[in-house]
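In: quick one, structure for this:
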Amino acid sequence: MAGSLIERTLGVLEALSEDAEGLPLLVLAERLEIPKSAAHRICNELIRLEHVRQDPHSQRYQLTTRLVAMSFRYLASTGASDIIQPILDRLAQHSGELVRLSIIEGHRLTWIAKAQGARSGLRYDPDMGREAPLHCTASGHAWLADMSDEQALALVDARGMDTDHPLGPNAPRTKEALIEHLHQARQRGYSWTRDSMGPGTAAMAALVRHPLDRHPQGVLSIAGPSVRLDDARVAELAPALITAAEELSQATPTSRLFI
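Out: A predicted model of the protein is given here:
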């Protein structure tokens with residue numbers, strides 16, 4: 001990673017955001033492909049600005065909560081909590097599963113809000129703030145299905161099909177398999193994956209669109225154990241998912257979260 005100082009600094013922050021225990025300086029430098037001395041200077045400056053701290057025992061660099069606080073303040077300023085969260089809460093209560101909202105920014109799809117409907121038994125509850133892999137998630141398929149096959153494959157090629165998340169046995173591993181998933185999503189009007197983004201999990205997703213020109217702005221999904229989200233349950237939940245996605249579409253002009 002050559003890049004500018006800003007690019008390297010953001011790279012350090014992104015790398016640290018993936019490990020709560022922090023990372024040693026050498027690992028940071030290797031991941032970003034920059035000299036150890038450069039990584040050290042960046043970390044020291046981030047420590048001065050209170051975005052990073054260094055554990056006195058392990059010497060690992062860790063994020064402070066300052067960026068988290070900034071994120072919460074930003075989300076509050078967009079009106080997302082007042083406008084979007086009630087819609088997610090209602091769908092979570094209706095489905096009894098995890099409901100997630102992701103937003104589209106450039107070529108990325110990032111999970112930014114959630115509501116948990118499962119109160120007992122098996123619960124699927126991954127961390128927010130992660131970029132959704134496009135080729136193996138219901139959220140990614142919902143977005144890709146809105147494109148032509150050529151556009152979808154070009155975006156997947158640009159983002160890559162590598163992920164550090166363990167894939168399930170039904171995850172599409174070829175372009176042909178991915179296109180078949182997209183064709184099915186177009187026919188249904190929503191996407192559905194089972195044992196794809198990890199074994200034993202399933203998810204269904206629908207696009208959130210701009211209310212005027214209908215361009216895609218985000219994706220709403222329901223996720224849970226595949227033993228519960230089977231064919232019959234997915235068909236039963238589909239109308240509620242699509243209705244909630246349209247509610248979010250109509251709410252987007254009142255929230256600055258969407259562009």
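In: only C-alpha atoms for contact and neighbour calcs from this point on.
Out: Noted.
In: remind me which residues of the stretch 1-150 of the chain are low pLDDT?
Out: Counting by pLDDT under 70, the low-confidence segments of the stretch 1-150 of the chain come to 1-2, 72, 75-76, 78-81, 120-129.
In: residue 158: neighbouring residues, count only.
Out: Number of residues near residue 158 (other Cα atoms under 10 Å) recorded here: 10.
In: sorry, that was for residue 215
Out: Residue 215 sits with 12 neighbouring residues when counted by other Cα under 10 Å.
In: how near is the nearest residue to it once chain neighbours are set aside to residue 250?
Out: Taking Cα to Cα, 6 or more residues apart in numbering as the measure, residue 215 lies nearest to residue 209, with 5.4 Å between them; neighbours along the chain are not counted. Here residue 209 is placed at a distance of 8 Å from residue 250 (Cα to Cα, to the nearest Å).
In: these two: who's more crowded?
Out: Between residue 209 and residue 250, counted using other Cα under 10 Å, residue 209 has the larger neighbour count: 21 against 15.
In: circling back: who is the residue nearest to residue 215 paired with across the strands?
Out: With DSSP bridges as the criterion, the beta-bridge partners of residue 209 are residue 216.
In: check contacts around it.
Out: Contact analysis of residue 209 by Cα atoms under 8 Å, 6 or more residues apart in numbering lists 215-218, 246, 249.
In: again, only using 7 Å
Out: 215-218, 249 (Cα atoms under 7 Å, 6 or more residues apart in numbering).
In: could you export these as TSV, including distance to residue 230 and pLDDT?
Out: Formatted as TSV, the entries for the contacts of residue 209 read as follows, by distance: Cα to Cα, whole Å; pLDDT from 0 to 100:
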residue	distance to residue 230	pLDDT
215	30	90
216	27	94
217	28	92
218	24	94
249	27	90
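In: closest to residue 186 out of those residues?
Out: Using Cα to Cα, residue 216 is the member of the contacts of residue 209 that lies nearest residue 186, at 14.3 Å.
In: state the number of residues packed around the closest one.
Out: For residue 216, using other Cα under 10 Å, the count is 19.
In: now do residue 159
Out: If you count neighbours by other Cα under 10 Å, residue 159 ends up with 14.
In: please apply the same query to residue 47.
Out: Residue 47 is surrounded by 17 other residues when neighbours are defined as other Cα under 10 Å.
In: who touches it in this structure?
Out: Under the criterion of Cα under 7 Å, 6+ apart, the contact partners of residue 47 comprise residue 53.
In: what's downstream of the helix or strand hosting it, the next helix or strand?
Out: Using DSSP states H and E, residue 47 sits within helix 36-48. Proceeding N to C from helix 36-48, the next assigned helix or strand is strand 52-54, under DSSP H and E.
In: done for today, thanks.
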